[in-house]
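Asks: Structure, please.
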Amino acid sequence: MKKIVYIALGLLVIAMGLVALMITGEKPVAPVSEARPVSIPIEEKVEYLYGVPVDSFDIVEGTIGRNQMLGNILNDHGVSAQMIYELSLLPREEFDVRRIKAGNRFALFIDTAGVKYLAYEKDKVNYVMVHFEDSIHVENHTKEVKRITSGISGAISSSLWEAFKEKEANPMLAIELSEIYAWSIDFFGLQAGDRFRVIYEESFVDSASAGITKIHSAWFEHAGHEFWAIPFEQDSVVSYYDEEGNSLRKAFLKAPLRYSRISSRFSNSRYHPILKIRRPHHGVDYAAPTGTPVHTVGDGQVIAAAYQRGGGNYIKVKHNGVYRTTYMHLHGFARGIRTGVYVKQGDVIGYVGSTGLSTGPHLDFRFYKNGQPIDPLKVEAPPVEPVHEDNLADYSIVMKSVMAELRSVPVPSVEIASY
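Replies: Here you go, the predicted structure:
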């Protein structure tokens, strides 16, 4: 009897549940099973070197040592003499193993069978890939070059080189600016408080600087005077001009060598450090390390390249019927320099030394006008080829645009000393 009652109660509960479900319209909920995390494979980032996946090889990187042969490097890593011989037979336009340069980088890609590839950097941009398979296969490649235009400004505290280093900029900008202003500013005579603005383009390869591509424009304030460098194309040649349209290129360079210091100036009575007497010193001495290149300050003909007891190795250049220059105490002459040859402004004609009566490496530079010595630091040379009159309207538009762009680069405020 009790069993029948329990069954009846159970059926009643089920019936009531069905009635409630019909009223609410809800469906019975199935039991929820525990969720399991789904494993999604993560794609590994493949690292490449010279276009080759590095995870497949053992990499040996290095730089070519002085007097080191590529064949010796390959032989040390198991490349056969036959393969090395075949490499030497490659056409020069593909890969000339005889022109391997000390200091250039290389990489060997080695697997279980030996050296698979050789990468050799010809320079910062170009490299060659050598495939060691059944026979030698060579591919020449060019790295991606990014060119970035930047503006920078600053003030001189010690030197232009140091000013750029303080700004964490490429100090080679100093060399580029010295080239542009070589006829206008004596960079050996920069003063604390001189200021500059430069807009330039720099190339980068593998996130490292590959050099200054070009100077777009520049402004320099030296000894209270402004010097603008405004690029303008005239007669299919781009040159730099000042705010009046005069070319920055003049008849003579301001100095015959880059970045040194003046150790002795032009004088009619200087105490000679060796002879211990007072006598005229009709030149300017530039102290610089032995081997520093010496440039001719203007076009001309070499009328002497010889040795004398006092001046040591010396060169004389006749520029025209009025001017000539002399370069003394040279360590040696540049290749091809001899009496009678013609040289162009900026050509390297010799190297700083300490020959003759000299207490240390320096260049004794002398300037003559109509046969009479004059102070090289006071030579006033007229500018060459200003902007042509029929180009002045176009130049004015370019000049205003360039000046506005340069003025947008803020320069530090400095207390200008009286000169």
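
Asks: for the residue minimising distance to the centre of the chain, helix, strand, or coil?
Replies: Among the residues of the chain, G211 comes closest to the average C-alpha position under C-alpha atoms, centre = their mean, at 2.4 Å. Classification of G211 by DSSP: H, G, I helix; E, B strand; the rest coil places it in strand.

Asks: so it makes contact with M172?
Replies: Yes: between G211 and M172 there is a contact at 6.7 Å, judged by C-beta atoms under 8 Å. C-beta here means a position set from N, CA and C on the backbone, and glycine is covered the same way.

Asks: worst-scoring helix or strand of this structure, pLDDT-wise?
Replies: helix 2-24 (a mean of 53; mean pLDDT, DSSP states H and E).

Asks: Paired strands for the helix or strand just after it, with orientation please.
Replies: Remark: after helix 2-24, the chain's next helix or strand is strand 48-49, criterion DSSP states H and E. Strand 48-49 has its sheet partners listed here by DSSP bridges as strand 52-53 (antiparallel).

Asks: mind listing what the helix or strand just after the strand it pairs with pairs with, with the direction of each?
Replies: Sequence order places strand 58-63 as the next helix or strand after strand 52-53, per DSSP H and E. Note on strand 58-63: by DSSP bridges, its sheet partners are strand 105-111 (antiparallel).

Asks: List the buried residues in the next helix-or-strand element following the partner strand.
Replies: Beyond strand 105-111 on the C-terminal side, the first helix or strand identified by DSSP H and E is strand 114-121. Across strand 114-121, burial judged by 16 or more other C-beta atoms under 10 Å covers V115, K116, Y117, L118, A119, Y120, E121.

Asks: other SSEs contacting strand 114-121?
Replies: Judged by 3 or more C-beta pairs under 8 Å, 6 or more residues apart in numbering; DSSP states H and E, the packing partners of strand 114-121 are helix 70-76, strand 105-111, strand 126-132.

Asks: switch to 7 Å and redo it
Replies: Judged by 3 or more C-beta pairs under 7 Å, 6 or more residues apart in numbering; DSSP states H and E, the packing partners of strand 114-121 are strand 105-111, strand 126-132.

Asks: thought the residue nearest to the centre of the chain was touching S203?
Replies: Yes: G211 lies in contact with S203 (C-beta atoms under 7 Å); the separation is 5.8 Å.

Asks: I'd like the average pLDDT over stretch 226-241.
Replies: For stretch 226-241, mean pLDDT is 93.

Asks: just stretch 348-357 next, same as before
Replies: 94.

Asks: How about stretch 80-100?
Replies: Mean predicted lDDT for stretch 80-100 stands at 85.

Asks: Quick one: distance of it to the chain centre.
Replies: 30 Å (C-alpha atoms, centre = their mean, to the nearest Å).

Asks: Same check on stretch 94-111?
Replies: Taking mean C-alpha positions (C-alpha atoms, centre = their mean), stretch 94-111 and its chain are 23 Å apart.

Asks: Quick one: end-to-end distance for that stretch.
Replies: 25 Å (C-alpha to C-alpha, to the nearest Å).

Asks: Flag every buried residue along it.
Replies: For stretch 94-111, the neighbour count (16+ other C-beta under 10 Å) marks F95, V97, I100, F106, A107, L108, F109 as buried.

Asks: ok, now stretch 161-175?
Replies: Quick answer for stretch 161-175 (16+ other C-beta under 10 Å): W161, A163, F164, A169, N170, P171, L173, A174.

Asks: sorry, back to before: from the buried residues of stretch 94-111, pick the one nearest S80.
Replies: Nearest to S80 among the buried residues of stretch 94-111 is L108, at 14.4 Å by C-beta to C-beta.

Asks: separation between the closest one and G321?
Replies: Applying C-beta to C-beta, to the nearest Å, the value for L108 to G321 is 62 Å.

Asks: do S56 as well
Replies: For S56, the distance to G321 - C-beta to C-beta - is 71 Å.

Asks: same deal with K254?
Replies: 22 Å.

Asks: Same question for L257.
Replies: Using C-beta to C-beta, which is the criterion applied here, L257 is 26 Å from G321.

Asks: same check, this time on E243
Replies: Separation of E243 from G321 (C-beta to C-beta) stands at 33 Å.

Asks: Between those two, which is the more surrounded one?
Replies: With neighbours defined as other C-beta atoms under 10 Å, E243 and G321 compare such that E243 has more, 14 against 7.

Asks: For the stretch 301-419 of the chain, give me the ranges with low pLDDT.
Replies: Within the stretch 301-419 of the chain, the stretches with pLDDT under 70 are 414-419.

Asks: all strands for it, in order.
Replies: 312-318, 323-333, 342-343, 348-352, 362-369, 372-374 (DSSP state E, counting those that start in this stretch).

Asks: do you know which of those lies nearest E61?
Replies: It is, among the strands of the stretch 301-419 of the chain and with distance given as C-beta to C-beta, strand 348-352, at 34.4 Å.

Asks: Just want the angle from that closest one to strand 362-369.
Replies: Counting by axes from the mean of the first three to the mean of the last three C-alpha atoms, to 10 degrees, strand 348-352 lies at 130 degrees to strand 362-369.

Asks: any idea how far strand 348-352 is from the chain center?
Replies: Worked out by C-alpha atoms, centre = their mean, strand 348-352 lies 22 Å from the chain centre.

Asks: Show me the contact partners of it.
Replies: 257, 288-296, 315, 327, 330-334, 337, 343, 361-363 (C-beta atoms under 7 Å, 6 or more residues apart in numbering).

Asks: Run me through the strand neighbours of it, direction for each.
Replies: strand 293-295 (antiparallel), strand 323-333 (antiparallel).

Asks: quick revisit: distance to H141 and mean pLDDT for the helices and strands packed on strand 114-121 - can I get that in CSV?
Replies: As requested, the helices and strands packed on strand 114-121 are exported to CSV (distance: least, C-beta to C-beta, whole Å; pLDDT from 0 to 100):
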stretch, distance to H141, mean pLDDT
strand 105-111, 13, 92
strand 126-132, 6, 91
